[in-house]
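Asks: Need coordinates for the below:
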Amino acid sequence: MVIAGGDSKQALLAKLRESNIELNAFAEAIFEHDRFVPGDVPVEYETVELTVHDLGFESGATMPEIIAAGARLGLAPCPLELAVYLRLAMPDQAEGHWGQPETRHTAPPGAITVISPPLAEDDTVPKGFYLRKIKGVLWLRGYVSDATHVLRPGNHLIFCKS
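Replies: Model (predicted):
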């Protein structure tokens, strides 16, 4: 269970800074976007972490396919702001960098993508957040992708229970 809401963008950014959590440029762009509006009232969410393979995709899947498969299991996309609260609530996330190859245009090793409705349909606008620990540093990172991007079977995801 994670409680999200009741904090302004500025308060969330302050909490991230106080917790020594880093943001990439895409995460900063999400915070700056006028459509990213944190909820006024705290709400409790039950989340589920699983992989793309756990959803039945042996060769990977696109985000629309992942969301549809999650819905069949009673899972729903999370509010975008929930990723911030999850990052704050998961300081012991496993390291995802040491001994792993560099990646481009795909979720890096150890990343956990928080499934949420896209901030905008424009493929140049960051779609959402993922959580990562790199060389001991916690990150809240934004990502850009389009509806045809295929997530690998081993990619970790977080959904909300419906």
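Asks: just checking, residue 160 is part of a helix?
Replies: No - Residue 160 is assigned strand when assessed by DSSP: H, G, I helix; E, B strand; the rest coil, not a helix.
Asks: In contact with it, which residues?
Replies: Residue 160 sits next to 45, 46, 47, 48, 75, 76, 77, 78, 79, 82 when contact means C-beta atoms under 8 Å, 6 or more residues apart in numbering. Quick note: C-beta positions are derived from backbone N, CA and C, even for glycine.
Asks: could I get those as CSV with neighbour count?
Replies: Shown next, in CSV, are the contacts of residue 160 (neighbours: other C-beta atoms under 10 Å):
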residue, neighbour count
45, 18
46, 10
47, 17
48, 15
75, 22
76, 17
77, 20
78, 23
79, 19
82, 26
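Asks: Mind checking which of those residues are in helices?
Replies: residue 82 (DSSP state H).
Asks: Which of the contacts of residue 160 sits closest to residue 16?
Replies: The nearest member of the contacts of residue 160 to residue 16, counting by C-beta to C-beta, is residue 82 at 14.0 Å.
Asks: The closest one and residue 1 touch, don't they?
Replies: No - using C-beta atoms under 8 Å, residue 82 is not in contact with residue 1, being 11.5 Å away.
Asks: what do the two both touch?
Replies: Joint contacts of residue 82 and residue 1 (C-beta under 8 Å, 6+ apart) are 45, 47.
Asks: ok, back up a step: mind telling me the two of the contacts of residue 160 farthest from one another?
Replies: 48 and 79 (15.0 Å).
Asks: Quick check: the nearest residue to residue 53 once chain neighbours are set aside vs residue 32, distance?
Replies: Leaving out its chain neighbours, the residue that sits closest to residue 53 by C-beta to C-beta, 6 or more residues apart in numbering is residue 153, at 3.9 Å. Per C-beta to C-beta, to the nearest Å, residue 153 is found 33 Å from residue 32.
Asks: Quick one: low-confidence residue ranges for the chain.
Replies: Scanning the chain with the threshold set as pLDDT under 70 gives 97-107.
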